[in-house]
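>>> Quick one: sequence and predicted model below, then my questions.
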Amino acid sequence: MQVLERIDELRSEAEQAVAAATDTAALEELRVRFLGRKAELPNLLRGVAQLEPAVRGQVGKAANQARQAVEALIEERVGALGTSELDAQLLADRVDVTLPGSPARPVGRLHLLTATRREIEDVFLGLGFSVVEGPEVDSVVNNFDKLNHDPAHPARSLSDTFYVSEDVVLRTHTSPMQVRSMELQPPPIAIIVPGRVYRRDSDATHTPQFHQVEGLWIDEDVTLADLKGVLLAFSRAIFGPDREVRLRPHFFPFTEPSVEVDVSCFQCGGTGALPRTGARCNLCKGTGWLEILGSGMVDPNVLAGVQANDYDPERWQGFAFGMGIERIAMLKHGFPDLRQLYDNDRRFLGQFG
Amino acid sequence: MRVPISWLHEHVVPELGLRELAFRLAMTGTEVDRIHHHGVDAVEHFVVGRVLTCEQHPDADRLKVCSVDVGAGEPQPIVCGAKNVAAGQTVAVARPGSVMPDGTKLKASKLRGVMSNGMICSEDELSLASDRAGGIYVFDAEHAPGTPLADVLPISDEVLELEITPNRPDCLGVYGVAREAHAATGAPLGPPPWQEDPGSAGPVDPALASVTVETERCLRFTARVFEDVTIAPSPLWLRARLLAAGQRPINNVVDITNYAMLLTGQPLHAFDLDRVAGGTLTVRDARAGETLTTLDGVERTLDPDVVLIEDADGPTSMAGVMGGERSEVEATTTRVLLEVATWDGPNINRTMAKFNLRSEAGARNEKGLAPEQALEAQAVATRLMLELTGAKLAPGTIDVGAATTETPTLRLRDARVTRLLGAPVERAESRRVLEALGFGVAETGEGLEVTVPSFRRNDVTREADVIEEVARLSALDTLPSTLPENRTLAAARLTPYQRGRRRAEDALVGLGLSEVAGWSFTNVETLAKLRVPDLPHVELLNPMSVAQAILRPTILGSLLDVAAHNVAHGAGELALFESAPVYKPGGEDGLADEHHALAALLHGPVAPGDWRSGAAPAADFFAVKGVLEHVLATLRVAVTYAPAEDAWPFLHPGRSAAVSAGEVRVGFVGEVHPAVAAAWDLPHTAAVFAVDLGKVLAAAPEVTTYADLTSFPSLRLDLAVVLDEAVPAARVLEVVRAAGGNRLADARVFDVYSGEQVGEGKRSLALHLEFRAADQTLTDADVQPARDKVVKKLASELGGELRG
């Protein structure tokens, strides 16, 4: 039968052409040529109805099989050729991945003082202290009198403290917020006070403005041992898990007993000597200890001077401490001159934060 | 306070090495600044020598060649330049290997061709005098050649430099430090050096001297009269001791007053009684305008807050601080009135501050000493006056004012010790510590009854003060570390304001800006450079420098300072911000009006150069406004911008805007006025914003509530409208929003065109409108009425024409 032969012919013709095609575009052309609307094979199929009923089934089946076979063959070849074409495309798309990203985006950083302040704040938040802030221009009463400073205390002098008027100073410490906070809030109270403070002093380790974090915890049974524990936890968080602290007696007008707190040197591990060379540790100057802050048990006179909330010193007690943010940053990052913090040279600032 | 160890050892001999002693003192509250060596070192090379022969140097007129017996071995040749060297003298010899007080090491060397195996020493070369007078030191007494020099002369000592806290004036005397060392180490303490007083109480013959006290600021005034005094240099041991303690020897009488002060902590003053006019002294408050020439030769004008001492001819001394020239002890003095007085400490402190005058006496008197100390110092000084000056003591002691003060007793409850420290201290241990420190102690049921010694009266007034004494000497080193129980019933966390501030700072950092920390200080010149010379500000009474004379009323100056610093150091593009307070006058209670400013500055290209897109555009108004918008959007604070015109003279009048949240003006954004940028030598346009962060965050929602934006899609449409170019975009959006109805969720300008197609004086704004309904998906037909109304209103209110 002629029609059946023609179908076989078309099929083998298509098979040869598909096998010979080298790209997906050629295959697309072949699809149109052999299977498109005007192609012979589909037309044969469409003409089946006009054939004799006896051959109708035979021809229809053969044409359909041929069409499906060609279709499958094209699909298969498209898949194969498509993959290699994509591979070629990907190869051609290759870029120099070592060139910088674009557009270039500058990196912003927090100032070292802010970064350090936040680090300190977060440690004390974790230990249960809230963060409060207060005015930098404050009264002599709040800055000195209510903190039990003797009228003759040298810190009051014009050579040590900036005065705005006879009764108003730039606060010399964050401690005035002890009293301000207690006057606002009844005990128990647990706060830290970060902020800017001022003293008339300028050299490599002093700037006339600097930053402190004050701490205050008052309750009925807060002890000096609690102070030691809080500052041990703080020191380990900031300077490393192996740190120890020690308390050294000192004098501050607003605490009694008063202590200075040393943390074991994180550079030499508290031995005073560098581990590899055995040379004297330059950070702690061979002592094994670094002084980090002043503190003590809040003086009964300070509690008695609180003008609200009945801070009776026979009933309430607790500790206070004050540390310099600059000092913590300097110890931790090892820069030699505090004044660099306020030069704001971006070559300096960019190293931190 | 400098304490020579040899002096300390006269009163207490701790069985500890020097460093261990220093450590123990430091750990019990007496801070040791450093230990320094006084005098010569390598003392084994210093010996007594005898000059056997002394001949002229062959090649040097001023040098002599001596042969010196130094004990063992041959006599040594030593070249000496002193005029007084002579054969037969017993002298001090530094042999090769000696280390002199200035640290130089002596070597055998040739002097003008003659070998010299050492040096014959003068007093200053042995740190026994502060200057060279009289040539080499020659022994009066016989000592065998070769005797170690340190055995016969105080040529070497260690000195503890102590930092004495202001509450412990008793430790401004060697005996007080000895008492501390006794308490800290347990080594026995010798008897007080004032235990035996050669003087007597009772009146002094008024024909010799009399004293009147007319002020309450003199608590006690004692005086003794010495006759037949011979002024001379002090003996060597006394001079050596003063030099080691940092005092320059003057003459025997002055040295005795200094020595007694260094030992007891109580200042003394010696008057030449023959030069005290009328033999009378009056202590009184000065009269306003009165003048006095102090020992340093400065004439000072006094006021009634200053206490002075006068004689019949007028003022002679500034009481408690510094004597006067007129009655100073001098070489011819034969009669001495020795004053030891107790003064009102704060008054002395004020006087010294007022005249910027410090003295060793004033530094002790300002602490407020105990009246009992006056006679202690008299006793020490009297003994030395009799021993060293040949003086005779006139009977009696002038003694005006309170001889004694009540001795307070305090209770020390065992339970209170434990409660304050967090660890118990044995009662017996407390007792041991307190007794060692000179406190009287008696047992009670609940603890101890403690009597405070006079020299601690000002410092120890409450139970807590007694607990400190016990703690520092026996509890601190073993104190446990515990954490307090938190009973505040409040979670510790940052306040919404503090969290917002961190968020704002982090947003700026995320955009590539770097934070700076400027000075709170500035000066009026900076305000003038900012073209706001009259900006109200807070002035300092005592600034450290003219550049830091006021508190900054605006943060802009410090940002420009930082920008200028970095430009001067080679930075082209800058993206800076600061988050810090500014200060204006007129706050509550006479304080400053402080607010926290958040400010940024862009200068030069807004980003680093790029290999693909080339150089970034230069910072300008819109660049910095974009930064501000990003920060405010981060905080969810909606603001409006209005032309600033001339509100901020440091900004470009046509490229600056006032920023408001609702009705509240929160700050500004704009380009820095070119004249201001030039004043800071900035080569490019600087664009800045500054907002009052407190006001901004007050407008931020603490909690946002849900809106359904996802159930139904919104419908977006764009319009281009041609308007007069003078119509602000904000005004256009205002009209659009008013006309758009309640389904108009958002309206924005996304493009601006001006040019020939829209005509002269006109511009086209491309608007993006977004409509949304909570209950349905909108179709074009749904929003057509709103769109029509918007177009109509733009035409009727603003003359806008739809384009295209």
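Sure, I can see it. Numbering: from 1, shown residues only, chains lettered A, B, ... in the order given.
>>> residues contacting B:Arg239?
B:Leu128, B:Ala129, B:Pro233, B:Pro249, B:Asp255 (C-beta atoms under 8 Å, 6 or more residues apart in numbering or on different chains). Placement of C-beta: from N, CA and C, glycine included.
>>> ok, the first one to B:Tyr137 distance?
By that I understand B:Leu128. 7 Å (C-beta to C-beta, to the nearest Å).
>>> Can you check which residues contact both of those two?
B:Leu153.
>>> by contact count, what packs against the worst-scoring helix or strand of chain A on mean pLDDT?
For chain A, using mean pLDDT, DSSP states H and E, the weakest element among its helices and strands is helix A:40-46, scoring a mean of 81. For helix A:40-46, the elements it packs on are helix A:2-20, helix A:24-35, helix A:53-92, judged by 3 or more C-beta pairs under 8 Å, 6 or more residues apart in numbering or on different chains; DSSP states H and E.
>>> Show me what counts as buried in the second one.
Residues A:Thr24, A:Leu27, A:Leu30, A:Arg31, A:Phe34, A:Leu35 are the ones in helix A:24-35 that count as buried (16 or more other C-beta atoms under 10 Å in any protein chain shown).
>>> Specify which member of those residues is nearest to B:Glu15.
Checking the buried residues of helix A:24-35 against B:Glu15 with C-beta to C-beta, the nearest one is A:Thr24 at 99.9 Å.
>>> Tell me which residues touch the closest residue to that closest one other than its chain neighbours, please.
Distance criterion C-beta to C-beta, 6 or more residues apart in numbering or on different chains; nearest residue to A:Thr24, sequence neighbours excluded, is A:Leu81 at 5.0 Å. Contact partners of A:Leu81, counting by C-beta under 8 Å, 6+ apart, are A:Ala21, A:Thr22, A:Asp23, A:Thr24, A:Leu27.
>>> can you pull the contacts of the residue of the stretch 51-200 of chain B found nearest chain A?
Closest to chain A within the stretch 51-200 of chain B is B:Thr165: 3.5 Å, counting by C-beta to the nearest C-beta. Contacts for B:Thr165 (C-beta under 8 Å, 6+ apart) come out as A:His250, A:Phe251, B:Gly29, B:Glu31.
>>> Most neighbours among the residues you listed, please name it.
The most crowded member of those, judged by other C-beta atoms under 10 Å in any protein chain shown, is B:Gly29 (28 neighbours).
>>> does that residue count as helix, strand or coil?
coil (DSSP: H, G, I helix; E, B strand; the rest coil).
>>> Kindly provide the distance from it to chain A.
3 Å (C-beta to the nearest C-beta, to the nearest Å).
>>> So which residues of the stretch 351-500 of chain B form strands?
With DSSP state E, counting those that start in this stretch as the criterion, the stretch 351-500 of chain B has strands at B:392-393, B:398-401, B:409-413, B:440-443, B:447-451.
>>> could those strands go into CSV alongside mean neighbour count and distance to chain A?
CSV is the format used below for these (neighbours: other C-beta atoms under 10 Å in any protein chain shown; distance: least, C-beta to the nearest C-beta, whole Å):
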stretch, mean neighbour count, distance to chain A
strand B:392-393, 16, 35
strand B:398-401, 20, 20
strand B:409-413, 17, 11
strand B:440-443, 13, 19
strand B:447-451, 19, 15
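>>> Mind putting those into a markdown table with distance to A:Pro336 and mean pLDDT?
A markdown table is the format used below for those (distance: least, C-beta to C-beta, whole Å; pLDDT from 0 to 100):
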| stretch | distance to A:Pro336 | mean pLDDT |
| --- | --- | --- |
| strand B:392-393 | 59 | 96 |
| strand B:398-401 | 53 | 92 |
| strand B:409-413 | 47 | 95 |
| strand B:440-443 | 50 | 96 |
| strand B:447-451 | 48 | 96 |
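>>> B:Arg24: which of these is closest?
Per C-beta to C-beta, nearest to B:Arg24 of those: strand B:440-443, 22.6 Å.
>>> Parallel or antiparallel, which strands does that closest one pair with?
strand B:447-451 (antiparallel) (DSSP bridges).
>>> Can you list the low-confidence ranges for the chain?
You didn't pick a chain, so chain A it is. A:1 (pLDDT under 70).
>>> that's the other chain; I wanted chain B
B:402-404, B:804.
>>> Contacts only, for whichever residue of it sits closest to chain A.
Going by C-beta to the nearest C-beta, chain A is nearest to B:Gly422 of chain B, at 2.8 Å. The contact partners of B:Gly422, by C-beta under 8 Å, 6+ apart, come to A:Thr223, A:Leu224, A:Ala225, A:Asp226, B:Leu479, B:Pro480, B:Thr482.
>>> so what's the residue nearest to A:Ala304 when sequence neighbours are not counted up against?
Closest residue in space to A:Ala304, ignoring its immediate chain neighbours: A:Pro313 at 5.3 Å, by C-beta to C-beta, 6+ apart. By C-beta under 8 Å, 6+ apart, A:Pro313 lies in contact with A:Pro300, A:Asn301, A:Leu303, A:Ala304.
>>> which of those count as buried?
Applying 16+ other C-beta under 10 Å to the contacts of A:Pro313 flags A:Pro300, A:Asn301, A:Leu303 as buried.
>>> how close does the first one sit to A:Ile218?
What it means is A:Pro300. 12 Å.
>>> which parts of the stretch 1-150 of chain B sit against chain A?
Within the stretch 1-150 of chain B, the residues that sit near chain A (C-beta under 8 Å from any C-beta of the partner chain) are B:Ala26, B:Met27, B:Thr28, B:Gly29, B:Glu31.
>>> which among these gets closest to B:Ala245?
B:Glu31 (17.9 Å).
>>> beta partners of that closest one?
Beta-bridge partners of B:Glu31, as defined by DSSP bridges: B:Glu163.
>>> what's the answer for the one 4 residues further on, then?
B:Ile35 has these beta-bridge partners by DSSP bridges: B:Leu160.
>>> Was I right to think it contacts B:Arg19?
Yes. Under the criterion of C-beta atoms under 8 Å, B:Ile35 makes contact with B:Arg19 at 7.3 Å.
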